[in-house]
Structures are given as structure tokens and as C-alpha cells.
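# structure for the following, please:
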Amino acid sequence: ELGVERFVLDDGWFRGRRDDHAGLGDWYVDETVWPDGLTPLIDAVTSRGMEFGLWVEPEMVNLDSDIARAHPDWIVGPSTAAHTDGGRLPLEWRNQHVMDLVNPETWQYIFDRIDALLSGNNISYLKWDQNRDLLEHGHAGRSSVHEQTLAAYRLFDELRKAHPGVEIESCSSGGARVDLGILERTDRIWASDCNDALERQSIQRWTGAVVPPELMGSHIGPTTSHTTARTHDLSFRGITALFGHFGMEWDIRSVQGKDRGELRRIVALYKEHRDLIHCGRRVHADLADDSLQLHGVVAGWAGDGNHVREGTTAALFALVSSRTSAAEAPGRIGIPGLDAGTSYRVEAIFPTTVDADHAHTFTQAQPPAWLATGAEANGRFLAEVGLPMPILNPEHALLLKVTAL
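Okay, here's the model as predicted:
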């Protein structure tokens with residue numbers, strides 16, 4: 001109904017995982033929760049035209065798990081002996097420890113369990129987490145972080161060979177594992193566990209300086225963020241999430257009425273412009289007013305305006321107000337990155353008067369006249385003279401579409 005393409009089952013599906021103190025390492029579907037396995041849920045998801053994804057954290061283990069009790073020597077630590085034989089465990093973090101992938105038996109166990117899950121279920125996507133640092137990380141009494149990293153790479157490689165159609169996200173508490181080796185082996189990264197749209201503006205701005213938008217997960221969270229307790233309108237959250245690998249992390253059963261229609265429209269906007277968002281050239285305007293941002297994606301490269309066909313979308317930009325400005329009005333703002341000699345039409349496409357939170361977006365009673373009908377100008381004019389922009393309420397945004405004429 002909303003246009004969702006993939007449903008991902010998060011933490012809690014495996015044996016003994018009723019809270020975060022137990023179960024990690026026991027990568028078997030919990031029969032007490034799923035007596036028929038995951039198949040009924042997967043069938044319900046795929047029958048509705050969606051792919052099914054699953055959360056895993058293969059490199060981690062809770063001491064309260066069958067695998068930790070059976071193989072205490074498979075847990076990394078500073079000592080040569082296992083913690084059950086007088087050795088010392090590393091400092092605990094999030095109630096979990098790290099499996100020693102340098103040990104061939106440990107590596108094979110983890111590979112076999114994830115391979116069995118993927119072979120026995122119609123899983124298209126793994127949300128691969130790693131929620132702690134490698135502190136006091138040792139194998140056979142010697143530091144083994146480098147060897148552990150190479151073993152993790154090999155685990156990714158072998159699972160991808162066995163299941164080439166499965167996409168993998170590197171989550172890792174949000175942004176904690178985004179090295180070039182991981183980017184070579186995964187399809188998506190999660191920039192931060194903070195889903196506050198205001199925080200995400202800066203998180204995605206700087207993550208996007210080194211990671212292309214098609215790899216950077218960006219989700220619409222609930223109205224009130226669980227990490228900051230800030231409350232934001234749907235349009236601000238939607239525009240923020242739009243400029244990346246878009247998704248929703250929200251119990252959408254609670255979204256009804258005009259909000260539901262607005263959410264459907266955001267999903268449709270992303271699908272319509274996905275190729276441009278993922279493959280275009282990222283542009284950030286240099287503005288004098290640091291309460292405002294103008295960022296977007298432009299089709300092609302600078303100076304190749306002839307490659308953008310007449311009537312096609314040449315760019316998408318977001319005008320973002322992060323706080324109250326010291327200026328009475330933003331004045332004219334240049335729109336950079338377009339071909340100087342090509343003519344364009346600029347339109348404000350979201351939110352509009354049909355959207356639930358349109359009235360919250362603007363401070364002024366009468367925004368600039370061009371917002372109602374659009375404005376036409378060439379790329380040089382738009383970059384050097386610019387357009388008068390509306391006064392936005394703090395923590396609101398406006399999506400601009402630029403069409404080549």
C-alpha cells in the first residue's frame with residue numbers, strides 16, 4: 001500500500017534472545033517464538049511483493065548462550081587460557097564479547113550457521129551488525145585485531161560466493177565499520193543509530209563526502225526520535241531521508257489519515273528520482289547564513305548540460321532550516337552545479353498544500369510568488385543571481401525540483 005520494497009526482521013528472532021543479555025552466537029531460529037520457523041513470516045512478506053531481510057551479528061557472543069558454554073575458548077581475550085580455565089575476559093560492552101574468527105573452528109561454525117540460514121530461508125538481505133569495539137583483542141595470547149579483520153573479510157567473501165544474490169548492510173552501531181575493505185564487500189552502510197532528522201542533516205552531509213548516497217542508509221524515523229526526544233514533522237524527516245539509500249524505521253501502523261498519504265507520497269518521490277539520487281553529482285551550496293543549507297544532486301557532470309534531455313529532471317535540491325536565522329529573510333540564494341547555458345524550471349514539489357504539515361513549514365504569511373507557479377532561468381542566472389527563498393520555520397525543509405527546458 002505504501003510502496004515498501006523490503007521488510008527486515010530485527011534482533012530477537014534467535015534462540016534465547018528475550019533480552020540483550022543472552023542468545024548471541026546461537027544462530028538458530030527460536031522454536032519457542034517461531035514454531036514453524038521463519039517461513040510463515042517470509043511467505044507473508046514475499047506474497048505482498050516485498051523482499052525479506054534479517055538482522056544478524058555473527059561476530060558477537062553473549063556469555064549466556066549455548067555456544068559460549070560449549071566453547072569458552074572461542075571467545076577472544078588477552079589470555080592464552082579460556083576464562084573458564086583461569087584466563088581473563090576482555091572488558092564487557094553491551095553484555096557481549098567477540099568470537100575469535102582467527103580460530104578456524106570458530107570461523108567455520110559462524111559460516112555454517114549463516115550459510116544454513118540463507119540456504120534454508122528466502123532471505124534477500126542481511127543487516128550485519130557489530131556492536132562493540134575490539135578491546136583487549138587476542139588470539140593465543142597475542143594481539144589479533146588485524147588477523148580478525150582479515151578473517152571477517154573472508155567470512156563476507158565466502159558467504160557472498162555461496163549466496164551472490166543476497167545484499168549485505170554493514171551496520172555496526174551506525175558508522176563504526178565503514179572502511180574500504182567493508183565497502184568492497186557490502187552493499188550499504190548505516191551511518192548512525194541516531195534517526196533524529198536534524199542530527200542526520202550533518203551526519204549525512206559529512207558521511208556523504210566519502211560515501212556515495214546509494215550506499216548510505218537513511219531512514220524516516222518516528223515523529224519523536226528515540227535518541228534525542230526531538231519531534232519533527234514528517235516532511236522534514238522525509239526530505240532528510242530522501243538523499244541516500246531510503247527506508248523507514250517506524251511502526252507505520254500508527255500512521256493514519258493525511259500523514260499516511262504524505263508518507264506514501266514521499267516513498268513515491270524517492271522511487272521516481274532514485275536513479276538521480278543514487279547516480280547524480282552531489283552539490284552543496286556555500287551559503288553565508290549558517291542556519292540554512294542547500295544541498296542536492298545534479299544529473300551528469302558540470303558543463304555537460306547537453307546530456308540532460310529536455311523535460312527531464314536535471315536536479316533535486318533540499319532547502320533546510322536548522323535553526324532560527326539572524327537575518328529577517330534569506331534573500332536570494334544561488335543554486336549551483338547546473339549547466340550555465342541550459343534553461344531550467346525550478347519548482348517546490350514537497351511539501352505542498354495537499355500534505356499534512358505544509359502549513360508548519362513557512363514562517364511568512366506570503367512566501368515568494370515563484371513558489372506557486374515555478375521559476376524559469378538559465379543555469380548561470382540560478383547560480384550567480386539565485387532565487388528569493390521562503391522563510392522556513394526552524395527544523396523544516398523544502399524539496400526543489402529542477403527540470404531542463
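
# for Leu183, helix, strand, or coil?
Secondary structure state of Leu183, per DSSP: H, G, I helix; E, B strand; the rest coil, is helix.

# excluding its backbone neighbours, what's nearest Ile110?
Pro58 (4.9 Å; C-beta to C-beta, 6 or more residues apart in numbering). For the C-beta atoms, the positions are set from N, CA and C on the backbone; glycine is no exception.

# repeat for Ile239
Nearest-residue entry for Ile239: Ala397, 4.2 Å, with adjacent residues in sequence omitted and distances by C-beta to C-beta, 6+ apart.

# ditto for Ser235
Pro351 (4.1 Å).

# so who does that neighbour touch?
By C-beta atoms under 8 Å, 6 or more residues apart in numbering, the residues touching Pro351 are 235, 262, 357-358, 361, 398-399.

# what sits up against stretch 14-26?
Counting by C-beta under 8 Å, 6+ apart, 11-12, 27-31, 57, 60-62, 64-68, 94-96, 99 sit against stretch 14-26.

# mind running it again at 6 Å?
Contacts to stretch 14-26, defined as C-beta atoms under 6 Å, 6 or more residues apart in numbering, come from residues 27-28, 30, 60-62, 64-68, 95-96.

# and it, which residues are buried?
By 16 or more other C-beta atoms under 10 Å, the buried positions in stretch 14-26 come out as 14-17, 22-26.

# run the chain-centre distance for the longest helix anywhere in the chain.
In the chain, with assignment by DSSP state H, the single longest helix is helix 257-279. Relative to its chain's centre, helix 257-279 lies at 15 Å (C-alpha atoms, centre = their mean, to the nearest Å).

# show residues contacting it.
Contacts of helix 257-279 (C-beta under 6 Å, 6+ apart): 2-3, 213-214, 234, 238, 242, 246, 255, 297, 299, 313, 316, 355-356.

# against which helices or strands is the helix or strand following that helix packed?
Later in the chain than helix 257-279, the nearest helix or strand by DSSP states H and E is strand 281-284. Judged by 3 or more C-beta pairs under 6 Å, 6 or more residues apart in numbering; DSSP states H and E, strand 281-284 is in contact with strand 292-298.

# partners of the next helix or strand after the strand it packs on, with directions?
Scanning forward in sequence from strand 292-298 by DSSP H and E, the next helix or strand is strand 313-321. With DSSP bridges as the test, strand 313-321 is paired with strand 292-298 (antiparallel), strand 396-404 (antiparallel).

# so which of the ones you listed is nearest Asp115?
Nearest to Asp115, of all these, is strand 292-298, at 37.7 Å by C-beta to C-beta.

# could you dump the closest one to CSV, C-alpha only?
Extracted C-alpha coordinates of strand 292-298, given in CSV (Å, rounded to 0.1, in the frame of the first residue of the first chain):
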residue,chain,number,x,y,z
LEU,A,292,20.4,27.4,6.2
GLN,A,293,21.6,24.6,3.9
LEU,A,294,21.0,24.0,0.3
HIS,A,295,22.2,20.6,-0.9
GLY,A,296,21.2,18.2,-3.7
VAL,A,297,22.0,16.0,-6.6
VAL,A,298,22.6,17.1,-10.2
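
# list of residues touching that strand?
Strand 292-298 is contacted from outside by 276-277, 280-285, 315-321, 330, 337, using C-beta under 6 Å, 6+ apart.

# could you do stretch 382-396 as well?
198, 232, 236, 319, 321, 323-324, 329-330, 332-336, 338, 361-364, 367-368, 375.

# which of the residues in it are buried?
382-383, 386-387, 389-392, 395-396.

# picking up where we left off before, quick one: secondary structure of the residue nearest to Ile110?
coil.

# that one: how many residues sit nearby?
24 (other C-beta atoms under 10 Å).

# quick check on it: phi, psi?
When read as degrees, to the nearest 10, the backbone of Pro58 gives phi -60, psi -30.

# cool, and the one 10 residues further on?
Listed backbone geometry of Ala68 is phi -70, psi -40, with angles given as degrees, to the nearest 10.

# return the member of the buried residues of stretch 382-396 nearest to Asp85.
Glu395 (55.5 Å).

# on the three-state scheme, the closest residue to the closest one other than its chain neighbours is what?
Nearest residue to Glu395 in three dimensions, chain neighbours excluded: Leu198, at 5.4 Å (C-beta to C-beta, 6+ apart). Leu198 falls in the helix class when you classify it by three-state DSSP.

# how near is Leu198 to Thr227?
11 Å (C-beta to C-beta, to the nearest Å).
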